[in-house]
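J.: Dropping the sequence and predicted coords here.
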12 protein chains.
Amino acid sequence: MSDNVYAVTEVVGSSSQSTDDAIRNAISTAGGKLRNLEWFEVVETRGHIENAKVAHFQVTLKIGFRYEAET
Amino acid sequence: MSDNVYAVTEVVGSSSQSTDDAIRNAISTAGGKLRNLEWFEVVETRGHIENAKVAHFQVTLKIGFRYEAET
Amino acid sequence: MSDNVYAVTEVVGSSSQSTDDAIRNAISTAGGKLRNLEWFEVVETRGHIENAKVAHFQVTLKIGFRYEAET
Amino acid sequence: MSDNVYAVTEVVGSSSQSTDDAIRNAISTAGGKLRNLEWFEVVETRGHIENAKVAHFQVTLKIGFRYEAET
Amino acid sequence: MSDNVYAVTEVVGSSSQSTDDAIRNAISTAGGKLRNLEWFEVVETRGHIENAKVAHFQVTLKIGFRYEAET
Amino acid sequence: MSDNVYAVTEVVGSSSQSTDDAIRNAISTAGGKLRNLEWFEVVETRGHIENAKVAHFQVTLKIGFRYEAET
Amino acid sequence: MSDNVYAVTEVVGSSSQSTDDAIRNAISTAGGKLRNLEWFEVVETRGHIENAKVAHFQVTLKIGFRYEAET
Amino acid sequence: MSDNVYAVTEVVGSSSQSTDDAIRNAISTAGGKLRNLEWFEVVETRGHIENAKVAHFQVTLKIGFRYEAET
Amino acid sequence: MSDNVYAVTEVVGSSSQSTDDAIRNAISTAGGKLRNLEWFEVVETRGHIENAKVAHFQVTLKIGFRYEAET
Amino acid sequence: MSDNVYAVTEVVGSSSQSTDDAIRNAISTAGGKLRNLEWFEVVETRGHIENAKVAHFQVTLKIGFRYEAET
Amino acid sequence: MSDNVYAVTEVVGSSSQSTDDAIRNAISTAGGKLRNLEWFEVVETRGHIENAKVAHFQVTLKIGFRYEAET
Amino acid sequence: MSDNVYAVTEVVGSSSQSTDDAIRNAISTAGGKLRNLEWFEVVETRGHIENAKVAHFQVTLKIGFRYEAET
C-alpha cells in the first residue's frame, strides 16, 4: 500500500431481493463514476415495509478508492 | 409525512436458513399484530451454533409503524 | 447455563458468495480448533472490491464457547 | 422515585416547523395513549428534503412512563 | 429456538438497596404484564442522590420475550 | 425506492440564530451544488462562544441524494 | 491556537421554552464562573414531561475554555 | 427543575467489597467537596486482579449537581 | 509498567446470585488457565429469566494479563 | 465563522514512518484537490503488518473545508 | 488502590509538532494546577489545517487524579 | 484473500517513548507467539503519569492473523 492516499465515499444501495444484492448494487453504481474502488464496509442495514413484507433492503456502505481516481 | 407520529418496536426474528429470512420472519410476525409497518433497521445480528454449524441466525430489528395503528 | 464460564474469540470469515457464507466459513474453521462453540455475534461486515464487483465479503464475528473446551 | 418501575417507548414525531415542534408532537400523541409520561430523551434527529428545503423534521424520542400506566 | 420471533421491551427498575435489586424489581413487574420473559440486558445504570448518599439505584433493561406472549 | 442508489455527503451549516437555521443553511447551500437531495440526519451539534454567549450554532449533517444527481 | 491548553467542563442547561434556550442558559451560567469560554458541543438532549407536555428541555453540553481561565 | 443549570463531574470510586460499594464511596467522597449532588450515571466498571481474585472494583461515575454548589 | 506487553481475553461469567459473583466466577475460572491476570473491564451485563425471575446473571469481561503468561 | 457552510470528506493516509506522517500525507494529498481545508479529525488508526513489523500505518481522517472550495 | 477515590478531568492539548507532544503539553499544564495526576486516556484527536498542512494537532484527554488533590 | 479465515487478538503495548513505539512493541511481542500477523487496529490510547509527565504510553490493538497460524 506504500504511501498511497484513499478517499472514502458513503453510498446507499437498495434491492428488493436481498441485503447482499443491495451491497452489490451500491458498488456497481459507484463503479460507474469512480475508478479504483478497493474496499467497502457496511454502516447500516435498513429497509421499507409494504403489506408486512420487505419491499426493499437498503444498505449504507463506506466505499474506499485510491484518491487519484477522483479527478 | 406531514406531522404524523410513528412508534418504534424492537423485534428479534430467527431462521435456520439466512439472515434475510430472519428479517422477513420478524416483520411477518410483527405484521400479524401491528398495522401500518413502514420501515425497519437492523440493530444486531447473532445466532446459535450447534456442532460447529449455524443452527439459527437471529436478527434484532427496530420496526417503525404509524402510531395510530397501535390501538 | 448454571455457573458456567464462557470465552469469546474474534474471527473473520470470508466468502466470494455471500455474507451468510462468510459467517458459516468462520464458524466452521473455528470449530476445527475449539470445542463447544455456542453462539456468535456479527461485529463488522466489510469486503474487497475488484473491477467494481464484490471480490470477497468479510464478516467479523465474536464466537462464544464453553471455557473448558479451550484446553 | 421509591421502588417504582418505568417503561420506555420509542416514538418518532415530525413537524414542518422545527425540531422542538417535532418533539412536542411526539409527546402529545403518545400522551393520548399512555398515562403518566415522565421524561424523554432525543435519540435521533433526521428529516426529509424537498426542493432543497427541509420538508419535515423528524425526531426520534425515548419516552419514559410509570409502568402501571400501561394497562 | 426454531424460527420463533421475540419482542424486546425497555424497562427501568429502581431500588434503594442495590443495582441487582433494581434489576429484579424491573423483571418482576414486567412479569406481571408480559408472559414468557426469556432474557434481559442492562442498558444503563443511574441513580438519585440525597444528602450525598444513593437514594435509589435505577437500572434500564431491555427484556426479551416470546412474541406470542404479547396478546 | 426500487433499486435506486443514493450517495451521502457530510455538510456543516452554521447560524447565529438557531440550530434549526444552521440545518436549513447547510441544506440550502448543498442544494446549490447537488440535485435531488432527499433526506438529512444530524450527526453533531456544536458552536462557538463569544463573551459567554452563543456566537454561532454549527450543525453537522449527513445529506442523502439520488446518486444520478452527482454528475 | 498555538500550543494553548483547554479544559472541557460538562454542564446541563434547562429551559421551558426551547432546546436552544437550554443551551444559552447553560453557557450564560457557566460564563458567570469561568472565563474564556470558547466552544460547546451538545452531548445529550432530554426533558421532563408534565400532563403530556414538555415541562423542561434539558441539554447537556461540553464547554471548552482556555485552561488559564480556571484559576 | 425550572431553568436551573447543573454541572457534571466524573469520579472513580473503588471498593474491595462490591460494585455498589464503589459507587457509594465515590458519591460519599464527592459529597465532601461539592454540595447539592443530585444524580449519577455509571460510565465504566473495571477492577484490579490479584492472585486470580478481584482486588478492587472500580466504578467510574458521572455525578450531576446544581451549578450554584460549585463556588 | 515499563515496556511490558499485555493480552486481553474476553470471558463471560454467570451466577444465579449476583452480578458481582458472575464477575468473580469469570476471573476465577480464567485464573485456572492463564497466569498473571492484572485487570478486568465489564463489557456487557445480561441474564436469563425463568418464571419472571433472574435465573442467571451473565457478565462479559475483558481480562488483561501479562503476555508472557500465555505460553 | 458567520453563516458559512463546510463540507466534510473522509480520507485515508498511509505512511511507513509514523501515524503523524500518515495524517500529513492525507492532508497534503487532499490539499492538491480541494481548497480551503480547515480542520481534521482522526476517525480510525490501523495498519498492515509484515514479518511482525508495522509495514504501514493507515489513518482515516475527516477533513473539513469551506463548501465554496468544492467547485 | 485500596478504597481511594479519583476524579477525571477533560483537557485539550495542542502542538504544532506531533500528537504525542499535544498529549505531553496537556498533561504538563494540568500538572501545574492539579496534584497527583495518575493516568490519561485519549478521547479525540483533531487539528487545524493551514495551507494544506497541519497547523496544530489537538488531542483531547481524560486525566485521572487522586481526589484529595483537588482541594 | 480467497475464503481464508482470520483470528483477531487484543494486545496492549507500552512505551515510555511514543504511541507509535507502543504499537511496535505490541506487534513485535505478538509476533514472537503468533505467525502470519496481517493487520492491526488501534482500540484505545492511554498512559500512566508520574510527576506530571507521561511515564508510559499504552496502546491497545486488535491484531489480525491467518487462523492456521494459531496451532
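T.: It's in. Numbering: from 1, shown residues only, chains lettered A, B, ... in the order given.
J.: in stretch A:49-62, what's buried?
T.: A:49, A:52, A:54, A:56-62 (16 or more other C-beta atoms under 10 Å in any protein chain shown). (Glycine included, C-beta is placed from N, CA and C.)
J.: With stretch A:14-28 instead?
T.: A:14-16, A:18-28.
J.: so which pair among these is furthest apart in space?
T.: Farthest-apart pair in the buried residues of stretch A:14-28 is A:16 and A:27; separation 17.5 Å (C-beta to C-beta).
J.: so what's residue A:15 up against?
T.: A:21-22, A:24-25, A:56-57, F:3 (C-beta atoms under 8 Å, 6 or more residues apart in numbering or on different chains).
J.: if you set the cut-off to 7 Å instead, what comes out?
T.: A:21-22, A:25, A:56-57, F:3 (C-beta atoms under 7 Å, 6 or more residues apart in numbering or on different chains).
J.: next one: residue A:61
T.: When contacts are counted by C-beta under 7 Å, 6+ apart, residue A:61 touches A:11, A:13, A:23, A:26, A:40-43.
J.: In those, which residue is surrounded by the most others?
T.: Using other C-beta atoms under 10 Å in any protein chain shown as the neighbour criterion, residue A:26 leads the contacts of residue A:61 with 29 neighbours.
J.: Not counting its neighbours along the chain, what's nearest that residue?
T.: Spatial nearest neighbour of residue A:26, excluding adjacent residues (C-beta to C-beta, 6 or more residues apart in numbering or on different chains): residue A:13 at 2.7 Å.
J.: Provide the secondary structure category for the one you found.
T.: Under DSSP: H, G, I helix; E, B strand; the rest coil, the three-state class of residue A:13 is strand.
J.: quick one: contacts for it?
T.: Taking C-beta under 7 Å, 6+ apart, one finds A:22-23, A:25-26, A:59, A:61, F:5 in contact with residue A:13.
J.: One more pass at 10 Å, please.
T.: A:19, A:21-30, A:40, A:56-61, F:3-6, F:67 (C-beta atoms under 10 Å, 6 or more residues apart in numbering or on different chains).
J.: Can you name the residues bridging to it?
T.: Note on residue A:13: beta-bridge partners by DSSP bridges are residue A:59, residue F:5.
J.: Can you check what pLDDT the model gives it?
T.: Model confidence at residue A:13, given as pLDDT, is 97.
J.: What of residue A:2?
T.: For residue A:2, pLDDT reads 54.
J.: Leaving out chain neighbours, which residue sits closest to residue A:23?
T.: residue A:59 (5.3 Å).
J.: hang on, isn't that neighbour packed against residue A:17?
T.: No: contact criterion C-beta atoms under 10 Å: residue A:59 and residue A:17 do not qualify, at 11.9 Å.
J.: okay, and the common contacts of these two?
T.: Common neighbours of residue A:59 and residue A:17 (C-beta under 10 Å, 6+ apart) are A:24-25.
J.: Please narrow the contacts of residue A:15 to those residing in helices.
T.: Members of the contacts of residue A:15 lying in helices (criterion: DSSP state H): A:21-22, A:25.
J.: Chain B versus the residue of chain A positioned farthest from its centre, what's the distance?
T.: For chain A, the residue at maximal distance from the C-alpha centroid (C-alpha atoms, centre = their mean) is residue A:51, at 27.0 Å. Taking C-beta to the nearest C-beta, to the nearest Å as the measure, residue A:51 and chain B are separated by 8 Å.
J.: Residue B:37 is in contact with that residue, correct?
T.: Yes: using C-beta under 10 Å, residue A:51 is in contact with residue B:37, at 8.7 Å.
J.: Now list whatever residues contact both of those two.
T.: Counting by C-beta under 10 Å, 6+ apart, the contacts common to residue A:51 and residue B:37 are residue B:31.
J.: Any residues of chain A in contact with chain F? List them.
T.: Neighbours of chain F within chain A, by C-beta under 10 Å from any C-beta of the partner chain: A:9-17, A:21-22, A:25-30, A:32-34, A:43, A:47-48, A:55-56, A:58, A:60-63.
J.: now do 6 Å
T.: Within chain A, the residues that sit near chain F (C-beta under 6 Å from any C-beta of the partner chain) are A:10-15, A:25-26, A:29, A:56.
J.: The residue lying closest to residue A:8 once chain neighbours are set aside - how many residues pack around it?
T.: With C-beta to C-beta, 6+ apart as the criterion, residue A:8 has its nearest non-adjacent residue at 3.9 Å, and that residue is residue J:10. When counting by other C-beta under 10 Å, one arrives at 20 neighbours for residue J:10.
J.: and residue J:10, what helix or strand is that in?
T.: strand J:5-15 (DSSP states H and E).
J.: Restricting to C-alpha, output that strand in CSV.
T.: This file holds the C-alpha atoms of strand J:5-15, laid out as CSV (Å, rounded to 0.1, in the frame of the first residue of the first chain):
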residue,chain,number,x,y,z
VAL,J,5,-21.2,26.2,5.2
TYR,J,6,-18.5,23.5,5.3
ALA,J,7,-18.2,20.1,3.7
VAL,J,8,-16.5,17.1,5.3
THR,J,9,-14.6,14.5,3.3
GLU,J,10,-13.2,11.2,4.5
VAL,J,11,-9.6,10.4,3.5
VAL,J,12,-7.1,7.6,4.5
GLY,J,13,-3.5,8.4,4.6
SER,J,14,-0.7,5.9,4.9
SER,J,15,3.0,6.0,5.9
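J.: The strand or helix carrying residue A:46 close to chain C?
T.: Using DSSP H and E, residue A:46 maps to strand A:37-50. Yes: residues of strand A:37-50 contacting chain C under C-beta under 6 Å from any C-beta: A:37-42.
J.: okay, the residues you listed in CSV with pLDDT next?
T.: Shown next, in CSV, are the residues of strand A:37-50 next to chain C (pLDDT from 0 to 100):
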residue, pLDDT
A:37, 97
A:38, 97
A:39, 98
A:40, 98
A:41, 98
A:42, 98
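J.: which residues does residue A:16 contact?
T.: Contacts for residue A:16 (C-beta atoms under 6 Å, 6 or more residues apart in numbering or on different chains) come out as residue A:56.
J.: quick revisit: the residue nearest to residue A:26 and chain L: what is the separation?
T.: Taking C-beta to the nearest C-beta, one finds residue A:13 at 22 Å from chain L.
J.: what about residue A:44, neighbour count?
T.: 12.
J.: That one pairs with what?
T.: residue A:60.
J.: Which positions in stretch A:62-71 come out as buried?
T.: For stretch A:62-71, a neighbour-count test (16+ other C-beta under 10 Å) marks A:62-67, A:70 as buried.
J.: ok, and what's touching the strand holding residue A:46?
T.: Taking C-beta under 6 Å, 6+ apart as the rule, strand A:37-50 contacts A:19, A:31, A:54-65, B:27, B:37-42, C:45-49, C:52.
J.: Taking strand C:37-50 as reference, get the angle to that strand.
T.: Following axes from the mean of the first three to the mean of the last three C-alpha atoms, to 10 degrees, one obtains 120 degrees for the angle between strand A:37-50 and strand C:37-50.
J.: Dump strand A:37-50 to PDB, restricted to CA.
T.: Below are the C-alpha coordinates for strand A:37-50, written out as PDB (Å, rounded to 0.1, in the frame of the first residue of the first chain):
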ATOM      1  CA  LEU A  37     -12.700   1.000  -5.800                       C
ATOM      2  CA  GLU A  38     -10.800  -1.100  -3.300                       C
ATOM      3  CA  TRP A  39     -12.900  -2.000  -0.200                       C
ATOM      4  CA  PHE A  40     -16.300  -1.400   1.500                       C
ATOM      5  CA  GLU A  41     -17.700  -1.500   5.000                       C
ATOM      6  CA  VAL A  42     -21.400  -1.900   5.900                       C
ATOM      7  CA  VAL A  43     -22.500   1.100   8.000                       C
ATOM      8  CA  GLU A  44     -26.300   0.400   8.300                       C
ATOM      9  CA  THR A  45     -28.900  -2.000   7.100                       C
ATOM     10  CA  ARG A  46     -32.500  -0.800   6.900                       C
ATOM     11  CA  GLY A  47     -35.500  -1.200   4.600                       C
ATOM     12  CA  HIS A  48     -39.000  -0.300   3.700                       C
ATOM     13  CA  ILE A  49     -42.000  -2.500   4.500                       C
ATOM     14  CA  GLU A  50     -45.200  -2.800   2.500                       C
END
